[in-house]
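Participant: structural data only, the sequence is not supplied:
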């Protein structure tokens, strides 16, 4: 049970939502009326407030800008047929956020600020939750170091902020993926399992090189042999091989423990499929494809949900997939969407009402 917190709330006079079309919107371009802010100093979280969405005033010597102490989460809220708004698995996001915080030598955030603050913010801005198919309100909690001091050491002060953004589909079409064999996303003992800003910054150059070749994203491989498969772009990846749903194991700490990944594993089992979390190499995948055993490949993530992959290229070997013939990924997406939008029973208690 979280401790009751006091939140100072300053509301805007008139919402901007009526000036926006929530149907045809790109991901992460539009933000709602308010944001939550909390500051960490002297060993405690303080000054918790919800105020109008606005620019931040930062020191040029801000520690996060120089040394990368910055983490974030991705959460989504959905409007149900009765008009009520529900958040999908926010307690799991809180747990993962604090795992990232500990790895980056940052303070953990209390449940009262993360969950109760998120609910209070959504209560103010719930008119921004789109009711269209494949739409949701994206919730971005993040934390960054705020010491105005140069020096490679953990900051003593931090800011925690939550902002909200209405969004439609992240990937509207099946993707073409390039298997990366030079650049590395994460290594054992590194920070691959944490959702820190540096992981994403480092991915941009290899991704841009793949796009120059006509591909949407890269499928990362391990740092030592460039042989074992990890994540695809910003998502976890699944392969349907001989009717078994296979996804790379989290054991080595190089892969983010995706919450949508976890939901997919549970729902696939509910649907009667065998699932396997294990190491899988590109050689095994190619051999299975040549044998006609690879039927579907898809990514899972908060922003992307379930994203189909129609082409996978490794060196000169290209795997093509007819996504129109698929059954597993579409059924999985339909099941997950139905739970999130209130059209199917929430048997696993994933949805939290604001």
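Facilitator: Structure's in. What do you need? All of these numbers come straight from a predicted model, not from anything done at the bench.

Participant: where does the protein have low pLDDT?
Facilitator: Along the chain, the parts satisfying pLDDT under 70 run over 1-4.

Participant: tell me where the stretch 1-150 of the chain has strands.
Facilitator: Taking DSSP state E, counting those that start in this stretch, the strands of the stretch 1-150 of the chain run over residues 8-9, 34-41, 44-52, 70-72, 75-79, 85-88, 136-145.

Participant: gap between residue 137 and residue 185?
Facilitator: Distance of residue 137 to residue 185, computed by Cβ to Cβ, to the nearest Å: 28 Å. Every C-beta, even on glycine, is put in place using the N, C-alpha and C of the backbone.

Participant: show me where the stretch 1-150 of the chain has its helices.
Facilitator: When assigned using DSSP state H, counting those that start in this stretch, the helices of the stretch 1-150 of the chain occupy the ranges 63-67, 90-103, 111, 117-125.

Participant: of the ones you listed, which approaches residue 175 most closely?
Facilitator: Nearest to residue 175, of all the helices of the stretch 1-150 of the chain, is helix 90-103, at 24.6 Å by Cβ to Cβ.

Participant: any chance of a markdown table for the strands of the stretch 1-150 of the chain, columns distance to residue 334 and mean neighbour count?
Facilitator: Shown next, in a markdown table, are the strands of the stretch 1-150 of the chain (distance: least, Cβ to Cβ, whole Å; neighbours: other Cβ atoms under 10 Å):
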| stretch | distance to residue 334 | mean neighbour count |
| --- | --- | --- |
| strand 8-9 | 38 | 12 |
| strand 34-41 | 33 | 20 |
| strand 44-52 | 35 | 15 |
| strand 70-72 | 29 | 22 |
| strand 75-79 | 15 | 23 |
| strand 85-88 | 16 | 22 |
| strand 136-145 | 16 | 22 |
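
Participant: kindly reformat those as JSON lines containing distance to residue 190.
Facilitator: Converted to JSON lines, the strands of the stretch 1-150 of the chain look like this (distance: least, Cβ to Cβ, whole Å):
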{"stretch": "strand 8-9", "distance to residue 190": "39"}
{"stretch": "strand 34-41", "distance to residue 190": "25"}
{"stretch": "strand 44-52", "distance to residue 190": "28"}
{"stretch": "strand 70-72", "distance to residue 190": "15"}
{"stretch": "strand 75-79", "distance to residue 190": "25"}
{"stretch": "strand 85-88", "distance to residue 190": "28"}
{"stretch": "strand 136-145", "distance to residue 190": "19"}
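
Participant: no further questions, thank you.
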